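Novice: below are the sequence and a predicted model; questions follow.
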Amino acid sequence: MRPVRCIPLVMLALCLISTTALAATEFGVIAGFNFANLRIENQSDLTGRSTFAIGGVADFGINDRFGIRVEPTFLSKGTKATQRNAYWSTMDGAVFDLDYIDVPILARYDLGEREVTHSYFLGGLGVSIATKQEAELTQGPETETVDMGDVLNPMDVSLDLGAGVSFPVGRNNRLTIDGRAAIGLININDGGTITFDGAPLAVPATSTHTLDFRLMATYLFPR
């Protein structure tokens, strides 16, 4: 699936939310940790990166148990590659630092009533738009941060799945804590050429997908 084809789907989902979300609408803030890695074809010795994530939430209740959550979030993806890995046999190490505005649109199903502590499940798609795509490359004594924007796709699409627990706070507010997996669905590496130490460096179009595990906390209050 090409990323541009996902934009109409996202717009359609938002339209459906705006016309059907009549039961209860909540807004809030979300924060937590993103444990990011990359799945690079035929590569190993990749180490994940742990970064902070923060954003906002709109939770649209369809009925007493089912709803839709939209969560624009700033987070970072990427990986650490060692032992002459990733895309180049000539590099001693590479740290990929990929920042995104991530917008998951998630179906939520509650296993209990909103007013009491209960578990819930999440599932849907996340569309990420890159704000920074860099890699810190090391070759012998030389270390340089290079721009990967001409090589990597500026958009990522993931399948997001999760489960959590919702706690009532006060009379009307809620605190939720959940764990999630975000599985990249598209190849973000188009291949091309970057510049390292003043010389061109080819980046092969090796299949590359994101893979994130997230621990998130959300504070919600009614509209």
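Specialist: In hand now; what should we look at? Only a predicted model underlies this, so the values are computations on that prediction, with no experimental measurement involved.
Novice: now the strands for this protein?
Specialist: 24-40, 46-47, 49-61, 66-70, 73-82, 93-110, 118-139, 142-147, 155-169, 173-184, 192-196, 199-203, 208-222 (DSSP state E).
Novice: ok, and what's touching the second one?
Specialist: What that stands for is strand 46-47. Residues from elsewhere that reach strand 46-47 (Cβ atoms under 8 Å, 6 or more residues apart in numbering): Asn37, Leu38, Ile40, Thr79, Lys80, Ala81, Thr82, Asn85, Ala86. In this view, the C-beta of every residue, glycine as well, is placed from N, C-alpha and C.
Novice: if I look at the third one, how far off is Ser50?
Specialist: Going back to what we said before, that points to Ile40. Relative to Ser50, Ile40 is positioned 19 Å away (Cβ to Cβ, to the nearest Å).
Novice: what confidence value was assigned to Thr90?
Specialist: Looking at Thr90, its pLDDT reads 83.
Novice: shouldn't it be in contact with Gly140?
Specialist: No: here Thr90 lies out of contact with Gly140, judged by Cβ atoms under 8 Å, at a distance of 9.8 Å.
Novice: the two: which is more packed in?
Specialist: Neighbours per residue (other Cβ atoms under 10 Å) separate Thr90 from Gly140, with Thr90 holding more: 11 against 8.
Novice: which residues sit in contact with the closest residue to Arg65 other than its chain neighbours?
Specialist: Leaving aside its sequence neighbours, Arg65 sits nearest to Asp110 (Cβ to Cβ, 6 or more residues apart in numbering; 4.8 Å). Counting by Cβ under 8 Å, 6+ apart, Asp110 makes contact with Asp64, Arg65, Phe66, Gly67, His118, Ser119, Tyr120, Ser166.
Novice: ok, now with 6 Å
Specialist: Listed by Cβ atoms under 6 Å, 6 or more residues apart in numbering, the contact set of Asp110 reads Arg65, His118, Tyr120.
Novice: can you check the pLDDT for it?
Specialist: For Asp110, the model assigns a pLDDT of 95.
Novice: picking up where we left off before, which of the strands of the chain sits most buried?
Specialist: strand 73-82 (a mean of 22; mean count of other Cβ atoms under 10 Å).
Novice: centre of the chain to that strand, how far?
Specialist: Here strand 73-82 is found 10 Å from its chain centre; the criterion is Cα atoms, centre = their mean, to the nearest Å.
Novice: thinking again about what came up before, which one of the strands of the chain has the lowest average pLDDT?
Specialist: Note on these: strand 46-47 shows the lowest mean pLDDT, a mean of 88.
Novice: who's the nearest residue to Asp59 once chain neighbours are set aside bridged to?
Specialist: Spatially, and ignoring its direct neighbours in sequence, Asp59 is nearest to Glu26 (4.3 Å; Cβ to Cβ, 6+ apart). With DSSP bridges as the criterion, Glu26 is bridged to Asp59, Pro222.
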